[in-house]
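S.K.: next one to model:
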Amino acid sequence: MCVRKQVESVQALADAFRKTIDALAKEGKLSLLIEGMLQHAGQEHVQAAACEALAGLADSDDNQRVKVAAEGGIGAIVGAMQRQPSAKVQAAACRALWYLARNDSNKVRIAAEGGVGAIVKALKNHPADAKVQEAACGALYNLTFNTNNKAKAKSAGAEDAVKRAMALQDATADTKKWGQQVLDNLKNV
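M.R.: Now for the predicted structure:
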């Protein structure tokens, strides 16, 4: 009974933290959100919740995508991927990079910060996680509209990783759709 209460307390704390992160993001206090990611780099739940909040912002409109990048969000997201190998962090980070890569300047910045390689690594390291596979394929789809990113994705092993993701028994329709788009983008590279 004591362990159950501890688990419930931790879950309540994590839920409260997610609400705080969402509020910071919505109130335009991105610098505090990103600073929190850096200060709590070893905390998986902090990294995942912050990446989810940044994904939500990046999904809303291009102005938000530009703000997230300008505040250092891309580097913080890629850093979270490098420090926290869990599927939860990788899925949230790939989703955030997917949405951020809807902006052409961000495509360049994501690649410069090591995002292309981090996304391919997430694909390779989490073959059984449908959320990682889908978000990673979506992110690579957006990123590979940039000529330089095509070469980076190809040299990082994106083609094989995407093919494996698409061939998985549990591959979602979106994983297959975005994956095929990535492969199409990488033709003739």
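S.K.: tell me how far residue 142 lies from residue 148.
M.R.: 14 Å (C-beta to C-beta, to the nearest Å). C-betas here are computed from N, CA, C, even on glycine.
S.K.: the more surrounded of the two?
M.R.: Neighbour tally, residue 142 and residue 148, criterion other C-beta atoms under 10 Å: the higher count belongs to residue 142, 24 against 13.
S.K.: which other helices and strands contact the one helix or strand the more buried one maps to?
M.R.: Residue 142 belongs to helix 130-143 when elements are defined using DSSP states H and E. In terms of contacts (3 or more C-beta pairs under 8 Å, 6 or more residues apart in numbering; DSSP states H and E), helix 130-143 is packed against helix 87-100, helix 104-112, helix 115-125, helix 147-155, helix 158-167, helix 173-186.
S.K.: by how many degrees do the second one and helix 130-143 diverge?
M.R.: This points to helix 104-112. Using axes from the mean of the first three to the mean of the last three C-alpha atoms, to 10 degrees, one finds that helix 104-112 and helix 130-143 are set 120 degrees apart in direction.
S.K.: kindly report the same for the first one.
M.R.: Going by the same axes, to 10 degrees, helix 87-100 is angled at 20 degrees with respect to helix 130-143.
S.K.: residues contacting helix 87-100, please?
M.R.: By C-beta atoms under 8 Å, 6 or more residues apart in numbering, the list of residues contacting helix 87-100 from outside reads 44, 47-49, 51-52, 54-55, 58-59, 65, 68-69, 73-74, 77-78, 80-81, 84, 106, 110, 115, 118-119, 122, 125-126, 129, 131-132, 135-136, 138-139, 141-143.
S.K.: excluding its backbone neighbours, what's nearest residue 69?
M.R.: For residue 69, the nearest residue in space outside its immediate sequence neighbours is residue 106; the separation is 5.1 Å by C-beta to C-beta, 6 or more residues apart in numbering.
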